[in-house]
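>>> model this:
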Amino acid sequence: MAKIRQLLLLRHAKSSWDDTALADFDRPLAPRGRKAAPRMAEEILKRGWLPDLALVSPSVRTRETWQLASARWPVPQPPVAFPDDLYLATARELLAEVQSASDAVMTLLVVAHNPGLEDFALQLAGSGSDDNALKLLADKFSTGALARLQFEGAWNELHFGSARLTHCLRPKDLN
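Got it, this is the predicted structure:
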């Protein structure tokens, strides 16, 4: 029997544009983002979706999102990697990173950027996906939003259309 795996796709929280001299890679979170990341982390914890591994883009805003989120979770923290390829990755590049995850990982969290992350989630979502989650995701995968997908099999067997989108959660919708 194939194992059911869970993929959590978290778009970095709202970033700041206050310092126009900063390179895109170096932009930090805005105050709104610093509030949203812990709220989403608490929702992940409440729903029992804690990751076994996190893959985080190395940009400042994704690292800060990860730090604020993971600080809300029990110790020990899940292992984390910061692959250079995740910075502004396309859907195909994201798929390659996810497919390389170890079979020991049942829940994988990816913290990355749009438009690649939204495209990735939409392309993964196949039959059995939740209609409301698909609509929310297609309307706008906002900063700090989380898409949850499930599929059966090993990570290297994941391909576009093979997962079920079960949830799309936005910070503004959380209590």
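
>>> look up phi and psi at the closest residue in space to residue 93 that isn't next to it in sequence.
Among residues not flanking residue 93 along the chain, residue 85 sits closest, at 5.6 Å (Cβ to Cβ, 6 or more residues apart in numbering). (Glycine included, C-beta is placed from N, CA and C.) Torsion angles at residue 85 (phi, psi; degrees, to the nearest 10) stand at phi -70, psi -10.

>>> what's near enough to touch residue 85?
By Cβ atoms under 8 Å, 6 or more residues apart in numbering, the contact set of residue 85 is 93, 96-97.

>>> quick one: it from residue 40, how far?
In this view, residue 85 and residue 40 are 24 Å apart by Cβ to Cβ, to the nearest Å.

>>> the longest helix along the chain packs against which elements?
Counting residues, the longest helix in the chain under DSSP state H turns out to be helix 31-46. Under the contact definition 3 or more Cβ pairs under 8 Å, 6 or more residues apart in numbering; DSSP states H and E, helix 31-46 sits against helix 60-70, strand 146-152.

>>> between helix 31-46 and the longest one, find me the angle.
It stands for helix 60-70. Interaxial angle of helix 60-70 relative to helix 31-46 (axes from the mean of the first three to the mean of the last three Cα atoms, to 10 degrees): 40 degrees.
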